[in-house]
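Visitor: no sequence on hand, only this structure:
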């Protein structure tokens, strides 16, 4: 029954992540810290290890459904990999002191996205600018240090800047596979053995792999404004909860 619970968590988290472009790591890490009592660095390592197959399947599904913008993919993936490696090293050696600042940033981004539901969008989606390079780096760094955050940071910032919703979600999800591999490799070098958590990892993987194609299909079908509303609401709710939990312990 405990293994099935991990499968259910992985399935639900990947449905959210594959459909909205964010929150797999945030959802899983919240469960591991609050329920299983796993320390931050170890929780982040376990989550990212489980994300490798799920992000691979999710990326393939988005590519097949033509949700990926090739000109954007490498512009966020390469700096994301560099940021992820540095973030994994930082968390392994220093800790999670950045968490409340990350949460505040994401709450602001979530509110901006929600506001777009109630006003007309631009006539044409915004073109990709050079700012995506530091954004990819920041997303990778914060994803590793926060145990999740690649999607919330990169996707929310791009959606708040009027980029195409479905292409942004699909591209950010696909790039996440490369970032996750880099982060997991770094954690394996710096974090003590986490193979004792194999049951959690396998459960999250099983649930995530099952959910990934379904979530990518949902992204293609859902209308844009409700999708923006859901994305913004998920970001705000999760990060308000994280802030409350941070201050009350």
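Guide: Ah, there it is. Everything numeric here is computed off the predicted structure, so don't read it as measured data. Residues are numbered from 1 along each chain as shown.

Visitor: count the residues that sit near residue 233.
Guide: By other Cβ atoms under 10 Å, the residues close to residue 233 number 16. Backbone N, C-alpha and C define where each C-beta goes, glycine included.

Visitor: my guess is it meets residue 115, correct?
Guide: No: with contact defined as Cβ atoms under 8 Å, residue 233 does not count as touching residue 115 (11.9 Å).

Visitor: name the secondary structure element that contains residue 241.
Guide: Counting by DSSP states H and E, the element that carries residue 241 is helix 224-248.

Visitor: pLDDT (mean, whole number) over that helix?
Guide: In this model, helix 224-248 has a mean pLDDT of 76.

Visitor: ok, now stretch 112-132?
Guide: Stretch 112-132 comes out at a mean pLDDT of 65.

Visitor: identify the residues contacting residue 143.
Guide: Shown in contact with residue 143 (Cβ atoms under 8 Å, 6 or more residues apart in numbering): 25, 80, 83-84, 87, 149-150, 153, 179, 183.

Visitor: so which of the residues you listed are in helices?
Guide: Members of the contacts of residue 143 lying in helices (criterion: DSSP state H): 25, 80, 83-84, 87, 150, 179, 183.

Visitor: including distance to residue 57, could those go into CSV?
Guide: CSV is the format used below for the ones in helices among the contacts of residue 143 (distance: Cβ to Cβ, whole Å):
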residue, distance to residue 57
25, 16
80, 19
83, 23
84, 19
87, 24
150, 16
179, 16
183, 18
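
Visitor: most widely separated two among the residues you listed?
Guide: By the measure Cβ to Cβ, the ones in helices among the contacts of residue 143 have their two most distant members at 25 and 83, which lie 14.4 Å apart.

Visitor: if we can go back for a sec, just the buried ones from the contacts of residue 143?
Guide: Buried members of the contacts of residue 143, counted by 16 or more other Cβ atoms under 10 Å: 25, 80, 83-84, 87, 149-150, 153, 179, 183.

Visitor: just name the closest of those to residue 131, please.
Guide: Of all the buried ones among the contacts of residue 143, residue 131 sits closest to residue 153, with 12.8 Å by Cβ to Cβ.

Visitor: quick check: that closest one touching residue 137?
Guide: No: with contact defined as Cβ under 8 Å, residue 153 and residue 137 do not form a contacting pair (10.3 Å).

Visitor: phi, psi of residue 164?
Guide: phi -60, psi 130 (degrees, to the nearest 10).

Visitor: contacting residues around residue 10?
Guide: Taking Cβ under 8 Å, 6+ apart, we find residue 10 in contact with 28, 50, 54, 203-208, 211.

Visitor: again, but for residue 64
Guide: Neighbouring residues of residue 64 by Cβ under 8 Å, 6+ apart: residue 216.

Visitor: likewise the one 4 residues further on?
Guide: Residue 68 makes contacts with 59, 62, 167, 170-171, 174, as judged by Cβ under 8 Å, 6+ apart.

Visitor: so how far is residue 246 from it?
Guide: Distance, residue 68 to residue 246, using Cβ to Cβ, to the nearest Å: 35 Å.

Visitor: could you dump the contacts of residue 68 to TSV with secondary structure, neighbour count and distance to residue 1?
Guide: Below are the contacts of residue 68 laid out as TSV (DSSP: H, G, I helix; E, B strand; the rest coil; neighbours: other Cβ atoms under 10 Å; distance: Cβ to Cβ, whole Å):
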residue	secondary structure	neighbour count	distance to residue 1
59	helix	24	31
62	helix	28	33
167	helix	19	40
170	helix	28	35
171	helix	31	38
174	helix	26	34
